[in-house]
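In: The following comprises the amino acid sequence and a computationally predicted model.
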Amino acid sequence: MTTTRTRVDAHVKVLDDDVVALAKERGIDALVYAPHFTRLPTIRDRADRYSDDDLTVVPAREVFTGDWGNRRHVLALGLSDPVPDYITFEAAMAEFDRQDAAVLVPHPGFATISLTRPEIAAHADRLDAIETYNTKLLPHQNSRTRRIAEATDQPGFGSSYSHLRGTVGEAWTEFDGALDGVEDVVDAFRSGLSRTVVHRGGAAHQLRGLVEFAHLAYENTWEKLDRLFLSGDEPTLPTNVAYEGRFTDVSVYSGTLSDYRPK
């Protein structure tokens with residue numbers, strides 16, 4: 001008897017024809033697409049464009065809560081309304097709860113951008129899963145994430161966390177049963193559906209992880225951020241007119257460009 005399983009690469013930053021082709025080649029059934037500094041309507045439109053009968057692309061947001069030096073990244077699936085970056089953690093969690101989103105913790109315990117073990121334990125009943133394998137992380141860092149999951153009794157998930165096209169499908173979350181469409185994937189995380197975290201092996205996989213890790217240096221340079229924050233009114237800043245002032249009171253910055261520059 002054959003048991004149907006669904007492979008979800010649960011966090012990618014890139015999406016185009018080449019990404020879709022590679023995902024399918026590697027047997028991935030669904031991608032969770034959550035690019036940085038991009039509003040939900042844009043993500044949703046792009047996800048719809050690249051979804052077909054063989055691959056579901058789930059629109060999601062990796063929201064940056066807190067200020068630059070103490071960011072806490074939270075991955076939200078199933079959002080109906082946009083949520084900006086650089087608002088308080090509590091405000092983001094309240095908004096996710098209002099929208100009944102699936103709330104995932106990417107790269108727990110990593111640097112100053114992730115929820116720590118005590119924070120995860122404190123908010124355990126508000127979280128749906130934490131990442132226990134991330135291709136971009138080094139082996140000892142992935143071991144730590146598994147220990148955090150065990151200590152806090154949280155379901156795990158795995159992802160390629162691909163910022164580069166060739167990394168898509170290097171790791172995935174394999175759910176029991178067939179998941180047909182975006183809502184099924186979101187519900188699988190929300191309901192704690194049985195799953196296994198899987199990743200490719202060998203030297204090529206290790207090299208791909210190292211290339212992704214090295215890419216972090218570029219991701220966190222001011223040169224890149226300077227291009228993102230040219231106008232002071234970027235799509236996911238809480239001061240953007242698209243949010244109609246709903247998040248002004250919970251913004252961690254006053255809204256001027258200099259406030260967002262890392263110190």
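Out: Looks like it came in fine. Numbering: from 1, shown residues only.
In: Return the residues in contact with D45.
Out: The neighbourhood of D45, defined by CB atoms under 8 Å, 6 or more residues apart in numbering, contains no residues. In short, each C-beta sits where N, CA and C put it, glycine included.
In: Quick check: mean pLDDT of stretch 254-263?
Out: For stretch 254-263, the per-residue pLDDT values average out at 55.
In: part of a strand, is H11?
Out: Yes - membership of H11 in a strand is supported by DSSP: H, G, I helix; E, B strand; the rest coil.
In: Quick check: it touching L77?
Out: No - using CB atoms under 8 Å as the test, H11 is too far from L77 to be in contact (9.8 Å).
In: list residues touching both of these two?
Out: Residues touching both H11 and L77 comprise V32, A60, L104, with contact defined as CB under 8 Å, 6+ apart.
In: Make JSON lines from these and add secondary structure and distance to I130 to it.
Out: Below are the shared contacts of H11 and L77 laid out as JSON lines (DSSP: H, G, I helix; E, B strand; the rest coil; distance: CB to CB, whole Å):
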{"residue": "V32", "secondary structure": "strand", "distance to I130": "14"}
{"residue": "A60", "secondary structure": "strand", "distance to I130": "15"}
{"residue": "L104", "secondary structure": "strand", "distance to I130": "7"}
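In: Neighbour-wise, which one of these leads?
Out: For the shared contacts of H11 and L77, the largest number of neighbours (other CB atoms under 10 Å) sits with A60, at 29 neighbours.
In: and it, how far is that from T236?
Out: Computed as CB to CB, to the nearest Å, the A60 to T236 distance reads 13 Å.
In: Check S143 too.
Out: Distance, S143 to T236, using CB to CB: 32 Å.
In: So for those two, which residue has more residues nearby?
Out: For S143 versus T236, neighbours defined as other CB under 10 Å are more numerous around T236 (21 against 13).
In: And what about the more buried one, helix, strand or coil?
Out: Classification of T236 into helix, strand or coil gives coil, according to three-state DSSP.
In: Now do the contacts for it.
Out: Applying CB under 8 Å, 6+ apart to T236 gives the contacts F37, T38, R39, P84, D85.
In: just to revisit the earlier point, for Q206, state which of the shared contacts of H11 and L77 is nearest.
Out: When the shared contacts of H11 and L77 are ranked by distance to Q206 (CB to CB), V32 comes first, at 23.4 Å.
In: surely the closest one meets L15?
Out: No - with the criterion set as CB under 8 Å, V32 and L15 do not qualify as a contacting pair; they are 10.6 Å apart.
In: Can you give me the domain boundaries for this protein?
Out: Residue ranges for each domain of the chain read 5-214, 223-260, as given by automatic domain parsing.
In: Can you get me a residue count around G169?
Out: A total of 23 residues lie near G169 under the criterion other CB under 10 Å.
In: Surely it forms part of a strand?
Out: No - the assignment for G169 (three-state DSSP) gives coil, which keeps it out of a strand.
In: Pull up the gap between it and T88, please.
Out: Here G169 is placed at a distance of 35 Å from T88 (CB to CB).
In: cool, and T56?
Out: Computed with CB to CB, the distance linking T56 and T88 is 32 Å.
In: Now do the same contact list for G156.
Out: By CB under 8 Å, 6+ apart, the residues touching G156 are A129, I130, E131, T132, Y133, R146, A149, T173, R195, V197.
In: which SS class is the closest residue to the last one other than its chain neighbours?
Out: For V197, ignoring the flanking residues on the chain, the nearest one in space by CB to CB, 6 or more residues apart in numbering is G158 at 3.7 Å. Using three-state DSSP, the three-state assignment for G158 comes out as strand.
In: Can you show me the helices along the stretch 151-263 of the chain?
Out: Using DSSP state H, counting those that start in this stretch, the helices found in the stretch 151-263 of the chain span residues 182-191, 202-219, 222-228, 257-260.
In: lowest-confidence stretch among those helices?
Out: For the helices of the stretch 151-263 of the chain, the bottom mean pLDDT is recorded on helix 222-228, which sits at a mean of 50.
In: Nice, that's everything, thank you.
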